[in-house]
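Participant: For reference, the sequence and a predicted model appear below.
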Amino acid sequence: MSLIVTVGLSQLLGGLKNGIQHFDREAVGMATSMMMLAVIGLWLPTIFGFLDQLERGIKVSSSFEDPALISLSRYISMILLILYGLLLIFLFRQPSKSREELMRPRSNPHGRFANRRAY
């Protein structure tokens, strides 16, 4: 519930401050890619720990600690932090799009039949 209120308030206040807001597919695509990298980065040490416990014949538990897995987790977190910093630098140095660019329809690279739906 609080997430819906937060998103709604941010959209309302952004609309009051800036007027009409436009959806940027490229920014969403980059954010989605970063989210997928973060999910993969979180799962890798977990999966390796799980497989290591199965290989050793140890009962699988979340309290399992292996120094190699801890260092792997730290390296992955550093890489993800660096990638996020590079993304922020890229986003802030990218020129903002003008209103005309945002309102112009995009050309379809897949031809005129790409928008047809299968029934």
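Facilitator: Structure received. Numbers count the residues shown, from 1 in each chain.
Participant: From now on I want contacts and neighbour counts done on CA atoms only, so please keep to that.
Facilitator: Will do.
Participant: what's the helix or strand for Ile70?
Facilitator: helix 67-93 (DSSP states H and E).
Participant: how far away is the residue nearest to the spatial centre of the chain from Met1?
Facilitator: Closest to where the C-alpha atoms of the chain average out (Cα atoms, centre = their mean) is Met35, at 2.3 Å. Counting by Cα to Cα, to the nearest Å, the gap from Met35 to Met1 is 22 Å.
Participant: what does Pro95 give?
Facilitator: Counting by Cα to Cα, the gap from Pro95 to Met1 is 35 Å.
Participant: and Tyr84, how many neighbours?
Facilitator: Neighbourhood size, Tyr84 [other Cα atoms under 10 Å]: 15.
Participant: Let me see the contact set for it.
Facilitator: With contact set as Cα atoms under 8 Å, 6 or more residues apart in numbering, Tyr84 has these partners: Met34.
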